[in-house]
Structures are given as structure tokens and as C-alpha cells.
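# Build the 3D model from these lines:
(2 chains)
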Amino acid sequence: MTSFSPPAAVVKSPAMPVGPSRPWIPLGAGVAAVLGIYAPVVPAMVGEWAAFPNLSHGFAIPFIAAYLIWARRERIAGEALESSPFGLPLVVLGLAILALGSLGGEPFLARVSLPVMLLGTVLFLAGARVARHVWAGIGFLLFMIPLPYLMLKSLTYQFQLIDAGASARALSWLGVPVFREGVFLHLPGITLEVASVCSSVPAIAALTALGAAYGQMHPRPTWLRAALIVAAAPLGFASNIVRITLTAVSVYYFGPVALDNVIHKFNGTTVFLMTVVLLVALDAVMLRVAARNLPR
Amino acid sequence: MSLRGRLAILLGLIGATAVAIGLAPEVREGQWGAGLDALPTEVAGWTSTAGAPEWALPVDPNEKAALRRTYRRAGQVVWVSVALFAREDDPKRRGSIDRIFPEANTSRIDRVAIPVILNGAAPVRLPAVVGYKQGGPLAVVYWRQLGRRVYGGDYRYRLALMREILFRRQADAMLVRLGIPAESGGALEDARDFADDVWPEGRRRIRRGRRDDGDQQETDSDAASAQNARRSAHPRSPFVGPLAAAPGATVARRDWRW
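Residues are numbered from 1 along each chain as shown, chains lettered A, B, ... in the order given. Next up is the predicted model:
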């Protein structure tokens, strides 16, 4: 028999665990039960990640979320297990949303209830102190959930128009004659279409997740983390405009053969890499500003 | 409460939810009481011929049954597609919205809403899509029916479908589309005229199966009052152009060239 020997930090807590000798085992069992009830929900979501390249970042999200929690394991282990009064209502809410989504044929609802349930379970079984360390990892799971198709379609089309408009403006600044008609860019001798796959929307979801993960990787002030998340979306949009504009400029000067170039063919990768570079640069600038403002 | 006690509560709740989900009856396909052919071929001056162009009203391979006709009246042409779908709860059916309107080679898609009286006194705001293609603009007005209830908005329809699945375990729906060549202007007004004139009679004839009989909110005696309401709701207006919406229409988005 082994007994639970809490770390030193736990000893001074008034909420010392009572009951089982291995308090983390019930918590693990609770989380396992939660994951078990979501087993029917996950395969279809994974299928969507595999089927749509725009959603393929979903494969990375659970691992990043797990890392975000693992990185705080020592702080989590140092906390006493208690119960938060918000835990049970959150669990009930999560299960209600799951039932509504599963029985009502709306997978988005069923999927979005997973982070709610996980957070509720942690609050209910382990308390607010533990939840404070794991909420970021659990919340990060939201990035793996594809938006409802109706919403995604409408959003994608709006961004196709915005992308086409911004690219046309950039092209005219660069001296390329262009007439924009909706999502079409009419260049001399050729018409380009800003198709749905060229829209900024798919990139924005992945890049916002990237910004959130990047911000959590190393110790930073909270405002800087928030700024990285907020900045990822516009940086992704700007990268996409640059990509479309470069493609159109290439087509104008070199003809349709330019549509086979690397920048256009690997559009997702191009936008991703450009955004990473911009994000790292922004982070470096903001870290420098933060360091300058620190009290000496 | 001890940790074990809390765990027991959690497992109990999860188990109860799993049982509730697992024991819920399967979503089943409904019985359609009458064929789509019951849609009148001649009504209020409109005459029809079989068929409608697929480039204007794309065919959805999941249609259980479908009717396509071309209606004409004094220079007005309306292509009609009425299609029945089963098991709309299938997640794969979410892509069906891509097949309502032909999107390929369309430079711009504008969405408007037009008020049409389909089921009684209150006008329903129907979504209308105007797409600008090389061959000329095309307007498509569409709505869905669950039983005898009409749903214009896509989100409202999804919500109603969820309610239908939850409480009746049925997910059958009808999609009605009206396609109108829009180069000559007044396309949406033509669609509204057609819907006002033909559909109240059509929907009375196309009956869903017996399960909906208790669900009827409109009786045949409502038809006269509906007709009066239609007349007062839609005074004709002299607007022109494919985007000129019917009176009361809201232009959801306009995309301006620059």
C-alpha cells in the first residue's frame, strides 16, 4: 500500500484532501468518464479535420492543449483538491448541451460542450485552484471545433469579397491595371477568382490558435498573451492579401504560368509561414517594450 | 462532500446522459401523403411545362423526390423546383446549402429578403439570392417546409429542424426554389407574384403524411383571408433591375464596384 504524500505547498492549505489515499485517481477517472461519453462525438470531428485541409490544424490542437496542461503539472500537483460550487452546474450544463446536440442532430453543440464538461469536472472534483492552471489548456480545445457550416459558408464568402477588394486596391497601388467585380479580379487578358479556398477565414481560425499557443509557450505578461491572440487574426488576413496580390502581380507580368508557383499552390503554408514570421516579430517588439517598462 | 461522493455524482450524471442518448428512438423517415405532382399545373393565369434548367436550380443527389416545372404568365417565367429530403439530421446534409443556388462562375452574390404570404395572414420573409453570372443575373428565392410550417431563414430552419428531431424524431423537409432570369428586372417581384398566386393552393395539395394532420395551423377557410392579406401587403411598385426588391424587401448586403 502506498499513501499519498502531498508536496510541501499543499500542507499549508486548509483544504487538504480527505477520503481516498490517491486523490488524483478519482479525478483521472472522472476525466476518463467525460472523454468516454464524448467518444461517439469525436470520430466525425476527426473525419472533418481529415476531409477539409482548412480544418487540418484540429489534429494538433489536443496535443497542444495537453502540453499546456502538462507544462503546469508541478503547480497543479501542489494544489489541494477541493470542490468549487460552480463545478456541478457547469457539469449539468455541459451534459445538457451534449444531449441537445446529440439528440437534436447538431454536432457543433455536442462538440462545444466538451470543454464545458471538462472544466466543470475539474472544478467539481478538484476545485478552482486546480482549474486556474488547466483552464487555458481546456479552453484551447475550442480551436479544434469546426464552426457550423452555415456560419462558415457565410463568413467565407464575406471574406472572399473583402480579400478581393483589398487585393484589388493593393494591385492598383502597385500599378497593375485591375477591375474588380465581386470576387473576380479582371486583369488585362485574364480574370482571377478569389475562390473560397483563397479566403482568409480558414487561415484565421488556425492562426488564432497558433497565436494562443505561442503566447502560452513561454512566460509573458498576460496583456502580451492577449495581444498575440488578438493580433494573429489580422496578421493572417494581411498575409493572405499579400499572397493574393503577389499571385496577381506574377500573373500580370508572367502570365497564367504564375498560377503554378509555390506561393499560390501552397497557399495555406505560405500564409502560415508569413504569419508566423510576423507574429514572432511582433512578439519580439512587444517583449522589448514590456522589458523597457518594467520597474527597475 | 468527499471526493468519492463527488465522483459518484459525476459518474451518475454521465451515465444517465449516456442512457438518455443511447435509448432515444431512432430518427425515422416520414410518410408523404401525396405526391408532388399535386402541385397545380395551371392556376391564376400561370401555365406550366415539365422541367426546369439544372444550371439555374441544381439537382441535389439526396432528393427523395422532386418536381421541376417552368411556369409562364404573360411574359413572366419562373422555374420551380420542389424537392423532398429525408434524414436532414445527417451531418453530411449540412453541405446541402451549396446546392440551392449555382455558385460556380458567379462574380457576386447578393442576398435580399422578400415578404411573401405563403400560409395565411402573416407574411414570411423569404431569402432571395441574386447571382451575377456571365450569362446574366439569376435570382433564386427559396424556402423550406417542415410539415406545413414554412421557414424562410436558414438559421431559423436549422433551429426548427432541431426541435423537430428532438421532439418528434423526424427530420424530413421540403425545399422549394423559384428561379427567375433577372436580366429584365423585376425578378423578385415575379417570384413574389408566383409564390402568392400558386403556393397557397400548392401547399394545400402537397400534403405531408398523417403525422402532420394534427399539426395543421391553417384550414381551408383561412384561404380567403390569406388572399385579402396578400392583396393589401403587396401593392405593385415600379422598381427595375434585378436587385430591385419587392416592396418591403431588405437588401442585406450590397457590394459596390470601385
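
# List the buried residues for stretch A:222-234?
A:224-225, A:227-229, A:231-233 (16 or more other CB atoms under 10 Å in any protein chain shown). (C-beta placed from N, C-alpha, C; glycine too.)

# as a whole number, average confidence for that stretch?
The pLDDT scores in stretch A:222-234 average 84.

# re the thing from before, what is the nearest of the buried residues of stretch A:222-234 to A:Phe184?
A:Ala233 (25.5 Å; CB to CB).

# residues in contact with A:Leu93?
A:Leu93 sits next to A:116, A:120 when contact means CB atoms under 8 Å, 6 or more residues apart in numbering or on different chains.

# my read is it is in a strand, agree?
No. Secondary structure of A:Leu93 (DSSP: H, G, I helix; E, B strand; the rest coil): helix, not part of a strand.

# tell me which element residue 140 falls in.
No chain was given, so I picked chain A. helix A:128-140 (DSSP states H and E).

# could you do chain B instead?
Under the criterion of DSSP H and E, B:Val140 resides in strand B:136-146.

# what about dumping the CA coordinates of that strand to PDB?
Extracted C-alpha coordinates of strand B:136-146, given in PDB (Å, rounded to 0.1, in the frame of the first residue of the first chain):
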ATOM      1  CA  GLY B 136     -26.900  37.300 -67.000                       C
ATOM      2  CA  PRO B 137     -28.100  37.600 -63.400                       C
ATOM      3  CA  LEU B 138     -30.200  34.900 -61.900                       C
ATOM      4  CA  ALA B 139     -32.500  35.200 -58.900                       C
ATOM      5  CA  VAL B 140     -33.400  32.300 -56.700                       C
ATOM      6  CA  VAL B 141     -36.000  32.600 -54.000                       C
ATOM      7  CA  TYR B 142     -36.200  29.600 -51.600                       C
ATOM      8  CA  TRP B 143     -37.900  28.400 -48.500                       C
ATOM      9  CA  ARG B 144     -38.200  25.100 -46.600                       C
ATOM     10  CA  GLN B 145     -41.200  23.400 -45.100                       C
ATOM     11  CA  LEU B 146     -41.200  21.100 -42.100                       C
END
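
# What is the next helix or strand after that strand packed up against?
Per DSSP H and E, strand B:136-146 leads on to strand B:149-151 as the next helix or strand towards the C-terminus. Using 3 or more CB pairs under 8 Å, 6 or more residues apart in numbering or on different chains; DSSP states H and E, the elements in contact with strand B:149-151 are strand B:136-146, helix B:154-168.

# Return the most buried member of these.
Across these, averaging neighbours per residue (mean count of other CB atoms under 10 Å in any protein chain shown) puts strand B:136-146 on top, at a mean of 23.

# Okay, now the sheet partners of it, with direction.
Within its sheet, and counting by DSSP bridges, strand B:136-146 is paired with strand B:124-133 (antiparallel), strand B:149-151 (antiparallel), strand B:173-181 (antiparallel).

# and A:Arg288, how many neighbours?
10 (other CB atoms under 10 Å in any protein chain shown).

# What strand or helix carries it?
Element membership of A:Arg288, judged by DSSP H and E, is helix A:267-293.

# what's the answer for B:Pro40, then?
Secondary structure (DSSP H and E) places B:Pro40 outside all helices and strands.

# quick one, phi psi at it?
Per-residue torsions, B:Pro40: phi -60, psi 140 (degrees, to the nearest 10).

# Quick one: find the helix or strand in chain B with the lowest mean pLDDT.
Lowest on mean pLDDT, DSSP states H and E among the helices and strands of chain B sits strand B:250-251, with a mean of 34.

# And chain A, by the same measure?
Per mean pLDDT, DSSP H and E, bottom of the list for chain A is helix A:8-11, a mean of 40.

# Give the next helix or strand downstream of that one.
By DSSP H and E, the next helix or strand past helix A:8-11 is helix A:24-37.

# and the angle for that next one with helix A:128-140?
On the basis of axes from the mean of the first three to the mean of the last three CA atoms, to 10 degrees, helix A:24-37 is oriented at 30 degrees to helix A:128-140.

# Give the rounded mean pLDDT of the very next helix or strand once past helix A:24-37.
Next along the chain after helix A:24-37, taking DSSP H and E as the criterion, comes helix A:42-51. Per-residue pLDDT values over helix A:42-51 give a mean of 88.

# With mean pLDDT added, can I get the helices and strands packed on strand B:149-151 in a markdown table?
Formatted as a markdown table, those follow (pLDDT from 0 to 100):
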| stretch | mean pLDDT |
| --- | --- |
| strand B:136-146 | 87 |
| helix B:154-168 | 90 |
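
# and those as a markdown table, adding distance to B:Ala74?
What follows is the helices and strands packed on strand B:149-151, written out as a markdown table (distance: least, CB to CB, whole Å):
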| stretch | distance to B:Ala74 |
| --- | --- |
| strand B:136-146 | 18 |
| helix B:154-168 | 33 |
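
# of the ones you listed, which approaches A:Ala99 most closely?
helix B:154-168 (9.4 Å).

# Run through the residues that contact the residue nearest to B:Arg87 when sequence neighbours are not counted.
Spatial nearest neighbour of B:Arg87, chain neighbours left out: B:Ala171 (5.4 Å); criterion: CB to CB, 6 or more residues apart in numbering or on different chains. Going by CB under 8 Å, 6+ apart, B:Ala171 touches A:105, B:27, B:86-90, B:161, B:164-165.
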